[in-house]
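A.B. asks: Based on what follows, work out the 3D shape:
(one chain, ligands or ions: 1)
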Amino acid sequence: MRDAAKIAAAIEILDNQLRQHTPVKDAVRDWGKANRYAGSGDRAWITGLVLDALRHQSSVGHAMQDESARALAFGTVARVWGVSVEEIDAMMEGDPHAPETLTNAERSGLERDISDAPLYIRGDFPEWLEPSFQRAFGEKAEEEAHELCSRAPVDLRVNEVQVGFDKAFKEVSSKLKTAEPSELAAMAIRIPQRDPRGKSAAAESIPAYGKGWVEVQDIGSQVAALASGAREGMQILDYCAGAGGKTLALSALLNNTGQIHAWDIDWRRLRAIWPRLKRAGAHNVQVHDAEEDKCLGELKSKMDVVFCDAPCTGTGTWRRRPDAKWRLRERALETRMGEQDTVLERAQAYVKQGGRLVYVTCSVLPEENEDRITAFLAKAENFKPVPAIKAMRASGGLAKGAEEILAKCEGLHGALQLSPARTDTDGFYICVLERVG
Ligand SMILES: C[S@@+](CC[C@H](N)C(=O)[O-])C[C@H]1O[C@@H](n2cnc3c(N)ncnc32)[C@H](O)[C@@H]1O
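C.D. replies: Now for the predicted structure:
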């Protein structure tokens, strides 16, 4: 397909997306099924444009003075990808599948200065979140918001139960040439995504993945698991285990010793954990798929670590799910805050004397992070904060030099706020509390 025809395809998908709010991946898949002539490279290019247009929907729509799919697609090609008006004209020339040529109003929009627009427009996030972004990042709010609009890399975690890092890295980099070791986690491999028009690394189709040597996991998520300070022989309750991403990382940190108890209020989510445990060769995980009182009662006050990967708005993962940010409502934030308080309140009962409660969200909003911890500590006098970096050090899983990078993310309660701009990871909040009474 020529580029102009790919822009036309992106406009068609975006148009459906804006009207029906279907998840982007489904919309692109459906388009691919109906247009079989498009190769995988074409589909990657089109997906990249659709996702970038959604990431920058507010700033591009403002500049174009038009939020239609067509305005967003052309605006993104020019303003985000940096393609000049002349190059766009050349793309369109003589292509029967090209969209209509640019109007004069559109040409002005491609080059309009929007530096005097409000922060939430320049930074492409919902207006009602501007105070939260200001609070979280102060004068860096715009930079942080821009990075949340970038394209995320693919990260892998080496499963040290099955293989050493060097062997896994050699095999991965023989298939995915741009692979590089992480600056943060010793067992992490990064596959950067530098070209917005290129294909994503097909990490799940390489032999190392099939053998269970590597798992796909954002490096921020891997760093969060290190905050457990997990060491061989420990008893850990993964209280919000979901599909088991953190469970697998915790299991590997224990090197198949001790015990991880995986539980989730929504047992259906736990189903996905079984094939993942098998592929990883994890033998130290007990999955508790029943009501809390029935299956966790015996664990009260016995756990070395209770890990709470709490339900949240997911604002830290907007790079990967740009459509989600425009759907987020204030009411949803309030609901998540209530759930977070419940999770902390209930989960703390399983921590033994001297044990740790680890609270993690993939959000950058202070309301879901330090505010929840401050509220919890006001009631739970038997818990005291421990610097998260100290806890991570004990796990032995940080890369050389990681502490210096993480120190810049330290805030109230010794907690860490990772973000695309600070750590080149998804946004994660990580707080460690110790039971002292
Ligand atoms: C961020 S997800 C967990 C992701 C998972 N740890 C992973 O790494 O794949 C949060 C989970 O918390 C669960 N959850 C929601 N409310 C809860 C509650 N009150 N108690 C326990 N779990 C809850 C949700 O069902 C959801 O699976």
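A.B. asks: tell me which element Val287 is part of?
C.D. replies: Assigned by DSSP states H and E, Val287 belongs to strand 285-288.
A.B. asks: Which strands or helices does that strand pack on?
C.D. replies: Contacts defined by 3 or more CB pairs under 8 Å, 6 or more residues apart in numbering; DSSP states H and E place strand 285-288 against strand 259-263, helix 273-280. To be clear about C-beta, it is placed using only N, CA and C from the backbone, and glycine gets the same treatment.
A.B. asks: let's see 7 Å
C.D. replies: Counting contacts by 3 or more CB pairs under 7 Å, 6 or more residues apart in numbering; DSSP states H and E, strand 285-288 is packed against strand 259-263.
A.B. asks: Return the list of strands paired to the strand it packs on, each annotated with direction.
C.D. replies: strand 235-238 (parallel), strand 285-288 (parallel) (DSSP bridges).
A.B. asks: for the record, mean pLDDT for the first one?
C.D. replies: Averaging pLDDT along strand 235-238 yields 98.
A.B. asks: Any chance you could list what contacts it?
C.D. replies: With CB atoms under 7 Å, 6 or more residues apart in numbering as the test, strand 235-238 has contacts from 228, 230, 246-247, 250, 258-263, 299, 302-307, 350.
A.B. asks: What subset of those is buried?
C.D. replies: For the contacts of strand 235-238, a neighbour count by 16 or more other CB atoms under 10 Å gives the buried set as 228, 230, 246-247, 250, 258-263, 299, 303-307, 350.
A.B. asks: which of those come close to the ligand?
C.D. replies: Among these, the ones lying near the ligand by CB under 6 Å from any ligand atom are Lys246.
A.B. asks: thinking again about what came up before, and the strand holding Val287, average pLDDT?
C.D. replies: What strand 285-288 shows for mean pLDDT is 97.
A.B. asks: So is that strand next to the ligand?
C.D. replies: No - on the criterion CB under 6 Å from any ligand atom, strand 285-288 is out of touch with the ligand, staying 11.6 Å away.
A.B. asks: Can you name the next helix or strand after that strand?
C.D. replies: With elements assigned by DSSP H and E, the helix or strand that comes after strand 285-288 is helix 292-295.
A.B. asks: Sheet-wise, list the partners of the helix or strand just after that following helix with their directions.
C.D. replies: Moving toward the C-terminus from helix 292-295, the next helix or strand (DSSP H and E) is strand 303-309. Within its sheet, strand 303-309 is paired with strand 235-238 (parallel), strand 351-361 (parallel), according to DSSP bridges.
A.B. asks: Now Asp155. Its backbone dihedrals?
C.D. replies: phi -110, psi 150 (degrees, to the nearest 10).
A.B. asks: That one: what's it in contact with?
C.D. replies: Asp155 neighbours (CB under 7 Å, 6+ apart): Ala188, Arg190, Gln217, Asp218, Ile219.
A.B. asks: which residue ranges form the helices in the stretch 151-300 of the chain?
C.D. replies: 165-175, 207-210, 219-226, 245-253, 267-270, 273-280, 292-295 (DSSP state H, counting those that start in this stretch).
A.B. asks: thinking again about what came up before, adding distance to Ala8 and mean neighbour count, write the strands paired with strand 259-263 out as CSV.
C.D. replies: Shown next, in CSV, are those (distance: least, CB to CB, whole Å; neighbours: other CB atoms under 10 Å):
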stretch, distance to Ala8, mean neighbour count
strand 235-238, 46, 26
strand 285-288, 48, 19
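A.B. asks: How about Trp274, nearest residue that isn't a chain neighbour?
C.D. replies: Once flanking residues are discounted, Trp274 sits nearest to Val287: 7.4 Å by CB to CB, 6 or more residues apart in numbering.
A.B. asks: tell me the most buried of the strands paired with strand 303-309?
C.D. replies: A comparison of the strands paired with strand 303-309 by mean neighbour count, using mean count of other CB atoms under 10 Å, puts strand 235-238 on top with a mean of 26.
A.B. asks: looking at the helices of the stretch 151-300 of the chain, which is closest to Asn104?
C.D. replies: Asn104 sits nearest to helix 219-226 of all these, at 44.6 Å, using CB to CB.
A.B. asks: Run through the residues that contact Glu135.
C.D. replies: Not quite, residue 135 is Arg, not Glu. Contact analysis of Arg135 by CB under 7 Å, 6+ apart lists Pro366.
A.B. asks: after whatever helix or strand it lives in comes which helix or strand?
C.D. replies: Element membership for Arg135, per DSSP H and E: helix 130-137. On the C-terminal side of helix 130-137, the nearest following helix or strand under DSSP H and E is helix 141-147.
A.B. asks: could you give me the average pLDDT of that following helix?
C.D. replies: On average, the pLDDT along helix 141-147 is 97.
A.B. asks: what about stretch 281-294, start to end distance?
C.D. replies: End-to-end distance of stretch 281-294 (CA to CA, to the nearest Å): 28 Å.
A.B. asks: contacting residues around that stretch?
C.D. replies: Applying CB under 7 Å, 6+ apart, the set of residues contacting stretch 281-294 from outside is 161-162, 212, 247-248, 251, 254, 256-263, 267, 270, 273, 277, 295-296.
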